[in-house]
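In: Here's my sequence, what's the structure:
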Amino acid sequence: MCANDVRPRARTLLKWDHLRVGMVVMVNYNIEIPEERGFWFDAEITSLKEISRSNKEVRVKILLGGPDDVISDCKLLIVEEIYKIEKPGAPPLTSADGQFKRKSGPECKHCKADPEAECRFCSCCVCGGKQDAHMQLLCDECNMAFHIYCLNPPLSKIPEDEDWYCPTCKNDTSEVVKAGEKLKASKKKAKMPSAHTESQRDWGKGMACVGRTKECTIVPSNHYGPIPGIPVGTTWKFRVQVSEAGVHRPHVGGIHGRSNDGSYSLVLAGGFEDEVDRGDEFTYTGSGGRDLSGNKRIGEHSFDQTLTHMNRALALNCDAPLNDKDGAESRNWRAGKPVRVVRSSKGRRISKYAPEEGNRYDGIYKVVKYWPEIGKCGFLVWRYLLRRDDSEPAPWTPEGAERIKKLGLSVQYPEGYLEAMANKSKKDRGKRNSGKQDKPEKAEKKEKGKEEKKEPETCPQSNGSQKRPQETETQDHETPAKVGKLAEKGEAFQLSAEQQWLIREDCLNRKLWDEALNCIMEGPNFLRKVEQIFMCVCCQELVYQPITTECLHNVCKTCLQRSFRAEVYTCPACRHDLGKDYIMVLNKILQSLLDQFFPGYSKGR
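Out: As a prediction, this is how the structure comes out:
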């Protein structure tokens, strides 16, 4: 490398008279904020405009490197600092030329580094004065400056500690929760409306905000009709479990649907006093009309409802042209789109058909009609009349109760919920006992005897380290008997004549079907078994367009094609060599069976 390979430093300022369109010069430009001083770039002048004697405009094309790397039509902020680009071989700067420095932006863009002006950004943020710089402290959190005599209370000298925090950034040690301590009352929480409310309402202990641990993938989210494997009468403790099962996807919303398609499910929770529930049919009130701004969960009606969003989605399920003014009545209510209905125990106060605990799936309903009216709230609301259209008996009927008993359906709790509740009650009893140690000895013995009597009742739900192993052992011994009882008393899964014939015809999967048919007496568990047996080893979903390999494993066609594209020509399940020229033959019989057992699952694939 020689001197001719290095471009000399630009040092010649070009005056306005020397500038010409097409010249390549060095200019100052800020790419992100053009109104501020930035970095130095090579640029080609594209236009020169003299508006007045003191107001001149220069537009350039910034050159960033390659021929295509340019930024066009850039207006220069500083037209007085345009430098000539020196050619290689130009004489270098010497001491005789004096000290050469280019201008840089002011240290503070607020006061332009004026030493006489007060500024709370580059100086003391209390008084704004720039005097006594040696008496200023910089906060290690917000980086703001403070005079020691401007603090409240003022300091007599600079602290010797390395770290210093201003009153705003400093953590109050009295509010720090140490290990084992309870949360302390804060000023912020004391000002919240919840601190002064007299409401005794149970808000679900945060379960409305919890995330799903699993997601229903057996059918797509826009699936109409029942979810395969979920019988009428299935009950879940929390709404998030209903979402995980795919029956009603939203955690909080009452209607699930799309305004351009229709509604797939709704929850009947008794949110309106003038709703009428007759079991096989009920009136439902649409959503909206409440001011829920600022993270409110409920609110008084303050404006009229409109037939938009979810209200419109539910109206589209009615077998009638949409009418957003007067409503409509279906020509044939059974021809409307099906809606899955979940009744919540919250509706118990206005309906005898609501469950005593949790959220219960009550089957398929159809929209008979919808209309606008003035509700008890004094504002316009949209009403919907829904009528039951399900072959499975309703849970409140004797037939439905008998079926629930046969299927062994009970309230489903989240994993570990009962054990956690048992532990909590055990701790509460321990605290009560420790508080009663000052009682006389006889009273203490008497109470101890009472608790010993109560202990066997709570033991099955406890997860104590001593009792848990015994419990699991007894459960293991009783499992065969329970399965036998279920086989005798349970309701068998009903196979149609066509399904029985297709199962016999699927010779390649005969062994797998024999395993699945062993669970046919367990009702809905049969479908869970089928889903488990015919799961694709690649995508971990129910096989779609199944390919039954030579080694009798079932894989999705797309998954096997993806494997072959990656030049892996073996069975994904057992690594049996299939060969590069393996012909993928679709098992149409198995696909037909899965479509019948899980209607709608192929739509989401």
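
In: Okay, helices next: where are they in the stretch 301-450 of the chain?
Out: Taking DSSP state H, counting those that start in this stretch as the test, the helices found in the stretch 301-450 of the chain are 309-315, 398-407, 417-435, 441-458.

In: Now Phe282: closest residue in space, sequence neighbours ignored.
Out: Leu386 (5.9 Å; CB to CB, 6 or more residues apart in numbering). Every residue, glycine included, has its C-beta placed from N, CA and C.

In: Point out where the protein drops to low pLDDT.
Out: The model of the chain has pLDDT under 70 over residues 1, 3, 94-100, 102, 104-105, 184-189, 191-208, 294-298, 435-491, 604-605.

In: Would you point out which residue is most central in it?
Out: When CA atoms, centre = their mean is applied to the chain, the residue found nearest the centroid is Gly211 (6.7 Å).

In: Could you say whether Ile547 sits in a helix, a strand or coil?
Out: strand (DSSP: H, G, I helix; E, B strand; the rest coil).

In: All further residue positions should be reported with the first residue as 25.
Out: Okay, residue one is now 25; in that scheme the one you just asked about reads as Ile571.

In: what sits against it?
Out: Residues near Ile571 by CB atoms under 8 Å, 6 or more residues apart in numbering: 578-581, 584, 608-611.

In: Same list (these) but as a markdown table, adding secondary structure.
Out: Listed next are these as a markdown table, based on three-state DSSP:
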| residue | secondary structure |
| --- | --- |
| Asn578 | strand |
| Val579 | strand |
| Cys580 | strand |
| Lys581 | helix |
| Leu584 | helix |
| Met608 | coil |
| Val609 | coil |
| Leu610 | strand |
| Asn611 | coil |
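
In: Give me the buried entries from those.
Out: 578-581, 584, 611 (16 or more other CB atoms under 10 Å).

In: neighbours of the spatially closest residue to Ser147 that is not a sequence neighbour, just the number please.
Out: Excluding the flanking residues, the one nearest Ser147 by CB to CB, 6+ apart is Lys154, at 4.5 Å. Using other CB atoms under 10 Å, the number of residues around Lys154 comes to 18.

In: shouldn't Lys154 be in contact with Phe145?
Out: No: under the criterion of CB atoms under 8 Å, Lys154 makes no contact with Phe145, lying 11.3 Å away.

In: other SSEs contacting the longest strand belonging to the chain?
Out: In the chain, assigned by DSSP state E, the strand with the most residues is strand 383-398. On a contact count with 3 or more CB pairs under 8 Å, 6 or more residues apart in numbering; DSSP states H and E, strand 383-398 meets strand 259-260, helix 263-269, helix 333-339, strand 352-353, strand 363-368, strand 404-412.

In: Tell me which of those lies nearest to Lys627.
Out: strand 363-368 (16.0 Å; CB to CB).

In: List the neighbouring strands of the closest one plus their orientation.
Out: Using DSSP bridges, strand 363-368 pairs in its sheet with strand 286-292 (parallel), strand 383-398 (antiparallel).

In: ranking those by burial, who's on top?
Out: Ranked by mean neighbour count, the strands paired with strand 363-368 are led by strand 286-292 with a mean of 25 (mean count of other CB atoms under 10 Å).

In: Which residues outside that strand are in contact with it?
Out: Contacts of strand 286-292 (CB under 8 Å, 6+ apart): 245-248, 263, 266, 271-273, 278-281, 299, 301, 306, 308, 334, 337-338, 340-341, 361, 363-368, 371, 375, 378, 383.

In: Drop anything exposed from these.
Out: When the contacts of strand 286-292 are checked against 16+ other CB under 10 Å, the ones flagged as buried are 247-248, 263, 266, 271-273, 278-281, 299, 301, 306, 308, 334, 337-338, 340-341, 361, 363-368, 371, 375, 378, 383.

In: that older thread, could I get the contacts of Ile571 as CSV with distance to Arg552?
Out: Listed next are the contacts of Ile571 as CSV, based on distance: CB to CB, whole Å:
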residue, distance to Arg552
Asn578, 17
Val579, 21
Cys580, 20
Lys581, 24
Leu584, 25
Met608, 28
Val609, 28
Leu610, 25
Asn611, 21
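
In: which one of those sits closest to Ser520?
Out: So of the contacts of Ile571, ranked by how close each gets to Ser520 (CB to CB), first place is Asn611, at 19.6 Å.

In: quick one, phi psi at the closest one?
Out: Here is the backbone geometry of Asn611 (degrees, to the nearest 10): phi -80, psi 90.

In: Provide a list of residues in contact with it.
Out: 530, 532-533, 570-572, 578 are the contacts of Asn611 under CB under 8 Å, 6+ apart.

In: if we go to 10 Å?
Out: Contact analysis of Asn611 by CB atoms under 10 Å, 6 or more residues apart in numbering lists 530, 532-533, 567, 569-572, 578, 581, 617-618.

In: quick revisit: could you tell me which residues touch both of Lys154 and Phe145?
Out: By the contact definition CB under 10 Å, 6+ apart, Lys154 and Phe145 are jointly contacted by 135, 169.

In: picking that back up, of all pairs in the contacts of Ile571, which one is the farthest apart?
Out: So, the contacts of Ile571 by CB to CB: farthest apart are Cys580 and Val609, at 13.8 Å.

In: Show me which parts of stretch 436-449 are buried, residue by residue.
Out: Within stretch 436-449, the residues that qualify as buried by neighbour count (16+ other CB under 10 Å) are 436-438, 446.

In: let me fix that: stretch 342-361
Out: Neighbour-count burial for stretch 342-361 [16+ other CB under 10 Å]: 342-344, 351-352, 354, 357, 360-361.

In: First-to-last residue distance for stretch 188-206?
Out: Start to finish, the residues bounding stretch 188-206 are 29 Å apart (CA to CA, to the nearest Å).

In: from the middle of its chain, how far away would it be?
Out: Distance, stretch centre to chain centre, for stretch 188-206: 31 Å (CA atoms, centre = their mean, to the nearest Å).

In: List the buried residues for it?
Out: Buried residues in stretch 188-206 (16+ other CB under 10 Å): 188, 190.

In: In three-state terms, how would Gln524 be classified?
Out: What three-state DSSP gives for Gln524 is helix.

In: Pull the contacting residues for it.
Out: Contacts of Gln524 (CB under 10 Å, 6+ apart): Leu541.

In: What separation is there between it and Ile388?
Out: Here the criterion is CB to CB, to the nearest Å. By it, Gln524 lies 26 Å from Ile388.

In: now Gly90
Out: In terms of CB to CB, Gly90 sits 64 Å off from Ile388.

In: Same check on Ala203?
Out: Ala203 sits 53 Å away from Ile388, taking CB to CB as the criterion.

In: Same check on Gln523?
Out: 21 Å.

In: Please apply the same query to Arg373.
Out: 25 Å.

In: Ok, Pro548 next?
Out: 16 Å.

In: Using the three-state scheme, assign Gln620.
Out: helix.

In: Could you give the number of residues near the nearest residue to it once chain neighbours are set aside?
Out: Spatial nearest neighbour of Gln620, chain neighbours left out: Gln523 (6.0 Å); criterion: CB to CB, 6+ apart. Neighbourhood size, Gln523 [other CB under 10 Å]: 15.

In: what do you get for the one 10 residues further on?
Out: Neighbour count of Asn533, defined by other CB under 10 Å: 22.

In: got it, and the one 5 residues further on?
Out: The local packing count at Asp538 equals 10, with neighbours defined by other CB under 10 Å.
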